[in-house]
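build the 3D model from these lines:
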Amino acid sequence: MQDQEIAREAESLSEEQKRLYRIRHSLAHVLAQAVLEYRPGAKLGFGPPVEHGFYYDFDLPEPIGEEDLPKIQKRMKKILRTREEFVRQEMGAEEAIRRTEEMGQPFKIEAAGDLRDKGVDVISFYTSGPFVDMCEGPHVANTGEIPADAFRLDSVAGAYWRGDEKNKMLTRIYGLAFFTKEELEGFIERRRLAMERDHRKLGRELDIFHIDESVGKGLPLWLPNGTVLRDEIEKLAMEYEFRYGYERVSSPHIAKEELYVLSGHLQHYKESMFPPMDYEDEEGKREVFYMKPMNCPHHHLIFRCRPRSYRDLPLRFAEYGTVYRFEKSGELAGLLRVRGMTMNDAHIYCTYDQAKEESIQVMKLYKELYDLFELEDYTVRFSTHDPANREKFHDNEPLWEASEKLLREALIEAGIVFEEGFGEAAFYGPKVDVQFKNLLGREETVSTVQLDYVAAEKFDLSYTDEHGADARPAVIHRAPLSVHERMLSFLIEHYGGAFPTWLAPIQVRLVTVNDDLLDYANRLKDRLRADFVRAEVDDLPHSFGKKIRNASTHKIPIVLVIGKREMEEGQVTVRRYRRKEQETVSFDAFREALLEEIRGRVHVKPDEDAPA
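Next up is the predicted model:
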C-alpha cells in the first residue's frame with residue numbers, strides 16, 4: 001500500500017480509529033528509525049499501518065531474524081521517550097526525487113518517480129528527530145503520544161517489493177499496536193486461541209477434510225468425520241425449511257452456455273467461472289457447457305416449467321446445491337474460500353404484497369439457526385443502491401425506492417438491528433448481509449437475503465393473478481447457512497472442534513477397563529447404533545489411561561467407561577468432554593437421556609475452568 005492510498009483510507013475512519021491509525025503509522029516510522037540504527041545502510045520500502053498494527057519493508061545489508069526483535073523494540077522505546085515531533089514538509093515532485101537521491105534510498109526514488117509520472121505535483125516528507133521519510137501521513141504530533149507498553153514487534157517475513165514476485169525480496173518486520181497494554185495482551189491471547197482453533201489445523205487433527213493437489217486447490221475432499229458434519233447441518237436445514245414451508249429441488253452441476261447468457265453470468269461474472277467445456281455430438285452438433293456458478297438460474301427454470309397461479313404463491317424452492325467459482329489461487333484459504341462449494345440456497349417466488357412478510361419470515365429463520373449454534377458475534381448490513389450509478393444498478397427508481405422501503409421495514413419489524421451500506425446493493429435489488437466476526441475480530445459475510453425484481457423479467461417468469469392477468473413475481477434469494485465449506489470453517493473454530501453431541505462425528509466412545517469387557521461394550525454399542533447413534537468401541541491395544549486421553553484429544557463429547565461392576569449391574573459411567581463430574585447410571589437411563597439430547601440438539605457445554 002502506497003502512502004497516498006494510506007492517507008485516503010484514513011479519511012474514512014472514525015475519530016477514534018484515526019487516532020489509532022496515526023499511532024500505528026507513526027510506529028512504522030519509529031521502527032524504520034530503529035532499524036537504521038541497528039543495521040546502518042538499510043534501504044527503506046514502505047511502512048503502512050495495518051489491521052492490528054504496522055509493518056515496514058527493508059532491504060538489509062545483514063539479515064534480521066526474530067531473535068533481533070527485542071533489541072530493535074528496545075531502541076524503539078528509547079526513541080519514544082525523546083518525544084520527537086513529526087514535522088511535515090511538502091515539495092514539488094522533481095525536488096522530492098532529488099531529495100530521495102540525496103537520502104540514498106532507491107525504493108523511495110522509484111516511488112517518487114512513479115508519483116511524478118502519474119501527475120502528482122506535490123510530495124510530502126515527514127521528519128522525526130534524525131529520521132526522514134517520504135510519506136503522505138497522517139502521524140501523531142510527537143513520539144510521546146505513542147503508548148510505549150501497548151505495542152510489540154511480532155514477526156519477520158519476506159515480501160516482494162510492491163508485491164511483485166519479479167521484484168527483489170525484502171525483509172518485512174511486523175508489529176502489533178493498540179491503545180493500551182490490556183488491549184495488546186487481549187489480542188495476543190485471542191490470537192493464541194484462534195491459532196489453536198484454526199479450522200485448517202483442526203481439520204487435519206480431527207480428520208474433517210483434506211485438500212489434495214491431485215484434485216486441485218480449493219476443492220476439498222470431505223473425510224468421513226467431515227461428511228457427518230455436512231450431513232447433520234443439511235438435515236438441520238431440511239427440518240427447519242420444511243417447517244417454514246419450503247419444497248426441495250435438485251439441479252445439475254453443469255448447464256449449457258445459453259442459460260448463463262440469459263442470466264447475465266457470462267457477461268458479468270465470466271472471470272469467476274470455470275472455463276467452458278466444448279462438446280460435439282456424433283452428428284457434429286457443437287454445444288458448450290459451464291460448471292454452474294450459482295443455483296438461481298436453475299431454480300428460475302423450475303418455476304417457469306409449468307403455469308403458476310397466485311394461489312400457488314409463495315413458492316419456496318430450497319436446495320443444497322453445489323456450485324463452482326474460479327477463485328484466484330492467492331485468495332483460497334482452507335474451507336473459508338474454495339472453488340467448489342455446496343450452498344444452503346433457496347429462492348422464494350411471491351407477489352409484491354407477500355414479499356415483506358416473506359422477508360420477515362426468512363430473517364426469523366436465520367435468527368433461530370444462529371441461536372441454535374449460539375452464534376452471537378455478528379452484524380447485519382442492509383445494502384441500498386446509488387441512484388447516480390446507472391451503470392451498476394438497473395434504472396427503475398420507483399421500484400428501487402419501494403423495494404428498499406419494504407426490506408428496511410421487514411428488518412425493523414423483525415426486531416433486527418442493522419447498519420446501512422449506501423451503494424452496496426446487488427445490481428438487481430437491495431440485500432441484507434450477515435457478517436460474522438472470528439476470534440480476531442475479522443468480519444466475513446456468511447448469510448445473505450436479496451430482493452430481486454430483475455430475474456422475473458429476464459427469465460420471463462409469470463403467474464396468473466386473481467384477475468386472470470399475467471403478473472411478475474418478486475424473487476427473494478436467501479442462504480442462512482451459507483455454503484457448507486464457509487459455515488463449517490466458522491463452526492469448527494466456534495466450537496474449537498468440540499461439537500455438541502448432535503453434531504459430533506463420533507457421539508459416544510465406549511472404553512473398557514480391560515479387554516475381558518469388550519464383548520459387553522460391543523453389545524451396548526450395537527444397541528446405540530440401532531438408534532442411529534454414532535458410537536464406537538476403543539479396542540486398540542492401549543492402556544485404559546491412554547484410551548481416555550485419546551478420547552479427549554479427539555474431543556469425543558461422551559465417553560462411557562465400563563468396568564466389571566458396570567457390566568454386572570447393567571450400568572455405565574458417563575464422562576463428558578471437559579466436564580469434571582461423571583456419573584454412573586443404568587445403560588437404559590443413559591440411552592433415553594442421550595436420544596432426547598440428540599433430538600433436541602442440546603449443547604452440554606464444558607466446564608469453564610476445565611483443562612483443554
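
quickly list the domain ranges of the protein.
Domains of the chain are assigned by automatic domain parsing as 3-184, 209-248+315-491, 508-599.

contacts only, for the residue positioned nearest the centre of the chain.
The residue lying closest to the centre of the chain (C-alpha atoms, centre = their mean) is Glu444, at 3.9 Å. Applying C-beta atoms under 8 Å, 6 or more residues apart in numbering to Glu444 gives the contacts Leu336, Gln435, Phe436, Asn438, Arg486, Phe490. Any C-beta I mention is one placed from the backbone N, CA and C, and that applies to glycine too.

continuing past the lowest-mean-pLDDT helix or strand in the chain, what's the next helix or strand?
Least confident helix or strand, the chain: helix 3-11 with a mean of 55, by mean pLDDT, DSSP states H and E. Per DSSP states H and E, the first helix or strand lying C-terminal to helix 3-11 is helix 15-38.

CA-only coordinates of that next one, as PDB, when you get a sec.
What follows is helix 15-38, C-alpha atoms only, in PDB (Å, rounded to 0.1, in the frame of the first residue of the first chain):
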ATOM      1  CA  GLU A  15     -12.100   9.800  15.200                       C
ATOM      2  CA  GLU A  16     -11.000   7.000  17.500                       C
ATOM      3  CA  GLN A  17      -9.900   4.900  14.600                       C
ATOM      4  CA  LYS A  18      -8.000   7.800  13.100                       C
ATOM      5  CA  ARG A  19      -6.100   8.200  16.400                       C
ATOM      6  CA  LEU A  20      -5.100   4.500  16.400                       C
ATOM      7  CA  TYR A  21      -4.300   4.700  12.700                       C
ATOM      8  CA  ARG A  22      -1.900   7.700  13.400                       C
ATOM      9  CA  ILE A  23      -0.200   5.800  16.300                       C
ATOM     10  CA  ARG A  24       0.300   2.700  14.100                       C
ATOM     11  CA  HIS A  25       1.600   4.700  11.200                       C
ATOM     12  CA  SER A  26       4.000   6.600  13.400                       C
ATOM     13  CA  LEU A  27       5.300   3.400  15.000                       C
ATOM     14  CA  ALA A  28       6.200   2.200  11.500                       C
ATOM     15  CA  HIS A  29       8.500   5.300  11.200                       C
ATOM     16  CA  VAL A  30       9.900   4.700  14.600                       C
ATOM     17  CA  LEU A  31      10.600   1.100  13.600                       C
ATOM     18  CA  ALA A  32      12.400   2.300  10.400                       C
ATOM     19  CA  GLN A  33      14.500   4.700  12.500                       C
ATOM     20  CA  ALA A  34      15.400   1.900  14.900                       C
ATOM     21  CA  VAL A  35      16.400  -0.500  12.100                       C
ATOM     22  CA  LEU A  36      18.600   2.200  10.500                       C
ATOM     23  CA  GLU A  37      20.400   2.400  13.800                       C
ATOM     24  CA  TYR A  38      20.600  -1.300  14.200                       C
END
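
in it, what's buried?
20-38 (16 or more other C-beta atoms under 10 Å).

now swap in stretch 123-135 and tell me
In stretch 123-135, counting by 16+ other C-beta under 10 Å, buried: Ile123, Ser124, Phe125, Tyr126, Thr127, Ser128, Gly129, Phe131, Val132, Asp133, Met134, Cys135.

and the furthest pair within those residues?
Ile123 and Gly129 (21.0 Å; C-beta to C-beta).

low-confidence ranges, the stretch 401-550 of the chain, go.
The stretch 401-550 of the chain contains residues with pLDDT under 70 at 440.

so which residues of it form helices?
455-458, 484-495, 518-530, 544-553 (DSSP state H, counting those that start in this stretch).

show me what stretch 50-64 is in contact with.
Counting by C-beta under 8 Å, 6+ apart, 24-25, 27-28, 31-32, 35, 38-48, 72, 107, 151, 154, 156, 159, 161, 168, 170-177, 187, 440, 442 sit against stretch 50-64.

how far does stretch 63-83 sit from the chain's center?
Remark: stretch 63-83 is offset 35 Å from the chain centroid, using C-alpha atoms, centre = their mean, to the nearest Å.

so who does the residue lying closest to Pro500 once chain neighbours are set aside touch?
Nearest residue to Pro500, sequence neighbours excluded (C-beta to C-beta, 6 or more residues apart in numbering): His603, at 4.0 Å. His603 makes contact with Glu374, Pro500, Thr501 under the criterion C-beta under 8 Å, 6+ apart.

how about Pro505?
Leu206, Ile208, Pro224, Asn225, Gly226, Val228, Leu229, Phe499, Arg534 are the contacts of Pro505 under C-beta under 8 Å, 6+ apart.

ok, 6 Å please
Going by C-beta atoms under 6 Å, 6 or more residues apart in numbering, Pro505 touches Asn225, Val228.

then Arg152?
Leu176.

ok, the helix or strand where it lies: who's next to it in the sheet?
Secondary structure assigned from DSSP H and E places Arg152 in strand 151-160. When sheet partners are counted by DSSP bridges, strand 151-160 sits next to strand 169-177 (antiparallel).

can you name the next helix or strand after the strand it pairs with?
Counting by DSSP H and E, the next helix or strand C-terminal to strand 169-177 is helix 181-197.

quick check: buried residues in the next helix or strand after that next one?
Next in sequence after helix 181-197, counting helices and strands by DSSP H and E, comes helix 199-205. For helix 199-205, the neighbour count (16+ other C-beta under 10 Å) marks His199, Arg200, Leu202, Gly203 as buried.

quick check, nearest of those to Ser14?
Nearest to Ser14 among these, with distances taken as C-beta to C-beta, is His199, at 31.2 Å.
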